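>>> have a look at this prediction, sequence included:
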There are 2 protein chains.
Amino acid sequence: MRKKRLRSERITAKDVANELGISAMTVSRALNNRPYVDEETRTRVQQVAKGLGYSPDHIARSLATRKTHTIGVVLPEIAHSFFPEAIRGIEEVTYQRGYHLILTHSAEDAEREKDAIRTLESKRVDGILISTAQTMEDYRIYKQLVKSGVQLVFFDRCVWGIGASCVSIDDEESAKQITEHLIGHGYTKIAHLSGPQRVSIGKARLRGYRRAIEGNGLLYREDFVIESGFHERGGYEAMNRLLDLSPSRRPQAVVAINDPSAFGAMKAIAERGLRIPQDVAIVGFSDDIRSELMPTPLTTVRQPAYELGKRAAQQLLAQIEGKSKPLTQSVVKADLVIRRSCGCNS
Amino acid sequence: MRKKRLRSERITAKDVANELGISAMTVSRALNNRPYVDEETRTRVQQVAKGLGYSPDHIARSLATRKTHTIGVVLPEIAHSFFPEAIRGIEEVTYQRGYHLILTHSAEDAEREKDAIRTLESKRVDGILISTAQTMEDYRIYKQLVKSGVQLVFFDRCVWGIGASCVSIDDEESAKQITEHLIGHGYTKIAHLSGPQRVSIGKARLRGYRRAIEGNGLLYREDFVIESGFHERGGYEAMNRLLDLSPSRRPQAVVAINDPSAFGAMKAIAERGLRIPQDVAIVGFSDDIRSELMPTPLTTVRQPAYELGKRAAQQLLAQIEGKSKPLTQSVVKADLVIRRSCGCNS
DNA sequence: TTGTACGCGTTATCAA
DNA sequence: TTGATAACGCGTACAA
């Protein structure tokens, strides 16, 4: 009498078992296609399970098996074009392999990122993909994670030296390439609007720029490297500082840390009545969707976000399933997209 | 001897309890800030828990409480600007209220959507937010979901008549508004590049267009409504069919189902050597990031995706926590963004 | 204020 | 080939 609650009760394996007069264990074996089940029994179980509308409880299963078939993703931002594409790549791989995705968002905030990581740990995800927040400086939480046995793969924005894998664009090489592309077209006075030096891509792109300059017999000048950050505003301000130099000291070309920063710089250049690329050439990094639609289309580096997401997910699943060492560094090659802003195709 | 496994064992509430010589129950009470715990005990428990690196197992907790504090999100696509913004809105609300997000992606495929829904149900999410795939025609799965007690809120692309809430843009009203904006500027021959009529927004925008036409004493012509679908390609082809009409029968203005469709149409117009808006005016729908950067910037309807996501999440949480009836219809107002392509600001 | 017994739904293990 | 029993780690309901 007491047991017969409303029909909103969920159907369990036991219900299916009772219906057939067998044990829950056999139901479990039958439905999970395990051996040691009579084929006729299996068929009947499957039919009854379907008839009753049974759906296995993943929560209970996870508690018993200590596997959730779920991976956590921690992103510093969601809305702009790079990360959505990366998510698509991640999702493609995980869906196909039967894993699910818990998405968290740090909003570039270190505390929120730690919070997200702790939550994912509590949710017992099988592994975590992280692209770190810019403000993240305390790496202890990553080390704890690795120590506690959660598989961890960084992507795009990596943290080194803590024994975790990383999948990233070859930022240094790409920055070197695009800078050399300018050098190859005769520019000798080339400035760099740099990213924050705490962030790995900021450092890597600066190194690439510097290697291109010094490797081609040009002079590396500290006053030609101005930190602009990742946004349009910073690019605008940094470019104005360069343009405040006397015309003879000004750069002929600029390598921006990314496309938004380049957009800001282009605005500053236009406001002074200067022409792109005749007076100042400029190149970006990331192939923002707007780059091709600028008054002067922007030469840039295309970052294969989708590919990056796929690779990161593949690496993580390989680690989870014990098929890969947890310390692989994978680099995805980026391509130059030559447009008019660099004055290289005339 | 047997019990002492490797140190990769997870710390449980019992470990913390043993360390202090108390029961696991007291640990649970202390850590969850429940009453009936001596304040000194509570403090000591918290210290030891932290010291041991204890993190509560949400899987076990969920099994015991029948609550996962997790909501599932089903999206037809991930990469383009609308959904990432919506996710951001959803995430903002859920994060703040202590809920987590499982993200799934149907890739506009009905089978994959059903799969996602079944998975989320097995994962015992507390509720689901869905934006349906274009190919989804079998609504039984939604009805089952509602019946089995999972809270359900549709957003942006809704399914009616199955007793679930919906949060959407007021598509009909917005389409009417933008069409009337053209009428108000003297256009009388206005065509519509329509969306698929299976999808609710396709139908709603057509109704809005039609109401504007008929409500202002103009003639509604079937041959001025051409299905273009949601993509650039379809817009291009549909527009070409309109331009194949003899010049005297051609429309003077076009209301496209969305911005990508409008981009395709603009390409078709330009290829024939016609000018926008002088020869053919055009308006879009969705405020794609590229719209403002077109050779002739596109007049469009801005869809507040972030706001929509927030509202949908709020509605879902209200239902989960029993504070709202599971059948609310909420409409988010969209704004016109007037640019040059409609020839309305000269 | 604290502890004990049990259940949540599944699977692992070992016995039948 | 099948079943009984005991986990998995927590919270609920009650007893102490």
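Now that the structure is in, tell me what you want to look at.

>>> what parts of chain A come near DNA strand D?
Within chain A, the positions lying close to DNA strand D (Cβ under 7 Å from any atom of the strand) are A:21-26, A:29, A:35-38, A:41, A:60, A:63-64, A:66. Backbone N, C-alpha and C define where each C-beta goes, glycine included.

>>> hmm, 10 Å instead?
Within reach of DNA strand D by Cβ under 10 Å from any atom of the strand, chain A has these residues: A:14, A:17, A:20-30, A:34-42, A:44-45, A:59-66, A:122, A:124.

>>> where in the stretch 201-346 of chain A is pLDDT low?
For the stretch 201-346 of chain A, residues meeting the criterion pLDDT under 70 lie at A:346.

>>> show me what from it comes close to chain B.
The stretch 201-346 of chain A has residues A:289-290, A:293-294 near chain B, with proximity defined as Cβ under 8 Å from any Cβ of the partner chain.

>>> just send these back as TSV, with neighbour count and secondary structure too.
Shown next, in TSV, are these (neighbours: other Cβ atoms under 10 Å in any protein chain shown; DSSP: H, G, I helix; E, B strand; the rest coil):
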residue	neighbour count	secondary structure
A:289	15	coil
A:290	17	coil
A:293	16	helix
A:294	20	coil
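
>>> nearest to residue B:103 among those residues?
Residue B:103 lies nearest to residue A:289 out of these, by Cβ to Cβ, at 22.0 Å.

>>> surely the closest one touches residue B:293?
No - with contacts counted by Cβ atoms under 8 Å, residue A:289 stays clear of residue B:293, the gap being 9.1 Å.

>>> what comes up buried for stretch A:136-143?
Of all the residues in stretch A:136-143, those buried under the rule 16 or more other Cβ atoms under 10 Å in any protein chain shown are A:136, A:141-142.

>>> that stretch close to chain B?
No - residues of stretch A:136-143 contacting chain B under Cβ under 8 Å from any Cβ: none, with a closest distance of 11.0 Å.

>>> now what about that stretch, what contacts it?
A:106, A:110, A:113-114, A:117-118, A:130, A:152, A:159, A:162-164, A:198 (Cβ atoms under 8 Å, 6 or more residues apart in numbering or on different chains).

>>> how long is that stretch from one end to the other?
End-to-end distance of stretch A:136-143: 14 Å, with Cα to Cα, to the nearest Å as the criterion.

>>> stretch A:59-73 too?
End to end - Cα to Cα - stretch A:59-73 spans 20 Å.

>>> next: stretch A:331-341.
27 Å.

>>> stretch A:322-338: which residues count as buried?
So for stretch A:322-338, counting by 16+ other Cβ under 10 Å, buried means A:324, A:326, A:332, A:334, A:336-337.

>>> could you measure from residue A:277 over to residue A:187?
10 Å (Cβ to Cβ, to the nearest Å).

>>> these two - which one has more neighbours?
Neighbours were counted for residue A:277 and for residue A:187 using other Cβ atoms under 10 Å in any protein chain shown; residue A:277 has more, 24 against 20.

>>> now whichever strand or helix holds residue A:262, how far from the chain's geometric center?
Secondary-structure assignment from DSSP states H and E places residue A:262 in helix A:259-271. Distance of helix A:259-271 from its chain centroid, counting by Cα atoms, centre = their mean, to the nearest Å, is 26 Å.

>>> for the next helix or strand after it, name the packing helices and strands.
Following helix A:259-271 in sequence order, the next helix or strand is strand A:281-283 (DSSP H and E). Using 3 or more Cβ pairs under 8 Å, 6 or more residues apart in numbering or on different chains; DSSP states H and E as the contact test, the elements touching strand A:281-283 are helix A:171-184, strand A:253-256, helix A:259-271.

>>> partners of the second one in the sheet?
Read it as strand A:253-256. strand A:190-194 (parallel), strand A:281-283 (parallel) (DSSP bridges).

>>> could I get the buried residue list for the longest one?
What that stands for is strand A:190-194. In strand A:190-194, counting by 16+ other Cβ under 10 Å, buried: A:190-194.

>>> pick out the residue of the stretch 201-346 of chain A closest to DNA strand D.
Using Cβ to the nearest atom of the strand, the single residue of the stretch 201-346 of chain A nearest to DNA strand D is residue A:320, 18.1 Å away.

>>> let me know which of the helices and strands packed on strand A:281-283 is tucked in deepest.
Mean neighbour count (mean count of other Cβ atoms under 10 Å in any protein chain shown) peaks for strand A:253-256 among the helices and strands packed on strand A:281-283, with a mean of 30.

>>> residue numbers of the stretch 51-200 of chain A in contact with DNA strand C?
A:54-67.

>>> in three-state terms, label residue A:226 for me.
Here residue A:226 is strand, with the state taken from DSSP: H, G, I helix; E, B strand; the rest coil.

>>> by neighbours, which of the contacts of stretch A:136-143 wins?
Neighbour counts for the contacts of stretch A:136-143, by other Cβ under 10 Å, peak at residue A:130, which reaches 30 neighbours.

>>> if I look at the nearest residue to it once chain neighbours are set aside, how far off is DNA strand C?
Once flanking residues are discounted, residue A:130 sits nearest to residue A:74: 4.5 Å by Cβ to Cβ, 6 or more residues apart in numbering or on different chains. Look at residue A:74 and DNA strand C: by Cβ to the nearest atom of the strand, to the nearest Å, they are 28 Å apart.
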